Each structure stands twice: as C-alpha cells, then as structure tokens.
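S.K.: Requesting a structural model of the entry that follows:
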Amino acid sequence: MDMTHWMKTRWLKASALGAIAATLALVNPAQPAHAAGPLSLSAAVAAELAGEQPNRRAQRRANRQSTRANRRGSRQANRASRRTNRQANRAQRRSDRSANRSSRRGRDARAGMVRSEVNRSERRARRVVNARAGQPDRNLQRRIDRREQRAERAIEGRDRGLQRRDFRRVDRAERRADRSADRRVDRRADRRVDRAERRGFRDGARAERRGDRAENRRIRRNAERRGFRQGVRNERRRDRIEDRQIRRNAFRNGARAERFRGGRQFRGGNFRRWDHGWRNSRRFNWRGHRFNNRAAFRLGRYYAPFRGAFYNRLSIGLFLDDLFFQPRYFINDPWAFRLPEVYGPYRWVRYYDDVVLVDIYTGEVVDVIHDFFW
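M.R.: Coordinates of the predicted model:
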C-alpha cells in the first residue's frame, strides 16, 4: 500500500510541474543566450523543485528504515515478554500440581489409616460378639481347613512317591533280568560263531598247508632242481672267492701301511696285532685336545640302530653286533679327535658316548675308550 501511494503522488507532482513549466513558457518565451540578465521565475521554481526532490527521497528512506527498526524491536520485545510469561505460568502450574498431589496423598493416607483402624476395630468387635454368642470364628475355621487340606495333600504325595519308588524298583529288576538274558543269548551266539570260525580257520589252514606241501613237492620234482642246486653252488663259490680276495687285499694294505704307529713297529704288517701303546705317545694327546675343543666332541644325540636297544659297557675281546658298526657310525677322520689311523679291517666306531675300535669282519672289539664324547 505504501509503494502504490508513493508512485501516485510522484506521478501527480511530475504532471503538475510539467503543466506549470508549459504555462510559463507560453507566457515568457525563452530569450537569446547572449542576453544577460536575471533568471526568469519559471526557471527558478524548476531549479528549486529539482533540488528539493532528492532530499525528500532520502528523508523518506530514513523514515521508513526507522519505522521498520522500531517495529522489529517492538516485536522482539513482545515475543520475549510472552516467553517469560509462558515460562512463569508453566512453573506456577507445576508447583500447583505438585502441591495438590502431595495434599491428596496426605489425605488418602490419613483416610486409609483411619479406614484400616475402623475396620480392625469392627472386626474385633464382631469376633467378641460372635464368641459371646457361641458362633464359631470363620477365619479360624478357614485356617483349620487349610491345614487339614495341606496334611491330606502331603499324605497323598508321600503315598504317590512310595508307589513311584516301588514301580521304579520293579522296573529296574525287570530290566536287569532282561539284560542278563540278552547277554546270555548274545554270548551263546558269539560262542557258536567263534566255534564256526575256528573250525573254518583250521580247515582253511590245513587246506593251505596241504596246498603248500603239494606245490613244494611239484617244485622239487621239476627240472629246476639242477639249476637251483647249481645256482647255490655257484653263489657259494663266488662268496668264497670274494672273501679270499678281501682278506688278501686287507693283508697287503696292512703290510704296506706305515710301519710306525703309536711309537711301536708292527711286525710284518700283521693287521691282526693292534698296539695299545699309542695312548702313552705325546702325539695322540686326545684328553688335552678334548679339553681345549669341547664343541668338537659334542656330536649330538646317539640313535640306536634298532628299537629297544640299550647301552652295554664294552671291553676288549667282546663282540659287537654288525648293526652297531654301520657306515653311519664310522669316524672317518680319526685325527680330528686325536685318534690313530686305522688300516685293514679296523674301524673307529661311535657307540653311544664311547669310541670303539672294531674288526668289521668278525665284530671283535679291539680297543675302547669309555666316555670319549660329551
């Protein structure tokens, strides 16, 4: 509404100013530019109107802004006052409600206490009157009846429990009898099956033996007898020849070996004679070497060649099983432990923590050092 009013007033003023200027122009025509003199009346009015127009606009704008600010401030103040009034009213209502509730509770409690006291007094008076009149007390009679009912229920429950126990005992006895009968039947059946299996096994074993015997007889009767016999003879001959060659080579190697071992001379290089005096030689000081090189004498755990084997303390002249001097137990470098070199059939062998010199042909223990390894 304010904008439309302003536009209308502006249009009317502009139209009025235009009409005044037109009339002044008709009355006083424009003079030439070279004519010097005071301004005409129309020009002065127009200039005054043109200067006043922007001032009025600024004034209007300032007025509008002030009115708007005043309105906003008044609105905010009204809202704040309303909020405070509402909060105060709510707090007042809550306090009133709590006061009313507390008063009601107090009244109800008082009324209840009074009622309970009145009821108790009335009940007592009734009991006294009934007792004087000879009438039985109902509450007392109800209590007596309840106790009697509980006693009857307990008796019935005991009877039922006894009956259940009796039934259970009878069931257990019957089950035991059934189990024993079933076991007897099963045992008899198992015995029969075992007997049949034994008979069948015996018959089968006998038949198998008979078949083996017949087959062996056939093999013997075949023409392979000659080849078998000839093959066995040839194998025996080869073994004998090979053994002779091994012994000869060993003897030659022993004879050609160093003549000086352990400070003594082997006569004729006979490998069957082993000189035990090497321990007294300063060259083979295995104790001092072991003391200075402890790690070299820790070879790890010893694994026996077969299960169930156990340690036996050996001595010179005993015989050792060939499983204990297999190549994996040989000491290939005796000088690393300051032991004399071996020749011929002799080999240094580890036996648990002992070191043993064994004749690998016969298994005889030629020399032994106990607790040699750590």
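S.K.: can you tell me which residues contact the residue nearest the centre of the chain?
M.R.: Nearest to the mean C-alpha position of the chain, by C-alpha atoms, centre = their mean, lies residue 301 at 36.5 Å. Not one residue lies near residue 301 by C-beta atoms under 8 Å, 6 or more residues apart in numbering. In short, each C-beta sits where N, CA and C put it, glycine included.
S.K.: Could you tell me how far it is located from residue 372?
M.R.: Residue 301 is 16 Å from residue 372, where distance means C-beta to C-beta, to the nearest Å.
S.K.: Test for you: state the pLDDT assigned to the residue nearest to the centre of the chain.
M.R.: pLDDT, residue 301: 92.
S.K.: so it sits in a strand?
M.R.: No: read with DSSP: H, G, I helix; E, B strand; the rest coil, residue 301 is coil and lies in no strand.
S.K.: And it, how far from residue 337?
M.R.: As defined by C-beta to C-beta, residue 301 lies at a distance of 18 Å from residue 337.
S.K.: before we move on, what about residue 292?
M.R.: Taken as C-beta to C-beta, the span from residue 292 to residue 337 is 12 Å.
S.K.: What of residue 204?
M.R.: Separation of residue 204 from residue 337 (C-beta to C-beta) stands at 60 Å.
S.K.: Who has more neighbours out of the two?
M.R.: Between residue 204 and residue 337, counted using other C-beta atoms under 10 Å, residue 337 has the larger neighbour count: 20 against 10.
S.K.: how about the nearest residue to that one, chain neighbours excluded?
M.R.: Spatially, and ignoring its direct neighbours in sequence, residue 337 is nearest to residue 286 (6.2 Å; C-beta to C-beta, 6 or more residues apart in numbering).
S.K.: Check what pLDDT that neighbour gets.
M.R.: The model reports residue 286 with a pLDDT of 92.
S.K.: cool, residue 84 as well?
M.R.: Looking at residue 84, its pLDDT is 90.
S.K.: tell me which strands and helices the helix or strand containing it is in contact with?
M.R.: Following DSSP states H and E, one finds residue 84 within helix 41-133. Contacts defined by 3 or more C-beta pairs under 8 Å, 6 or more residues apart in numbering; DSSP states H and E place helix 41-133 against helix 2-27.
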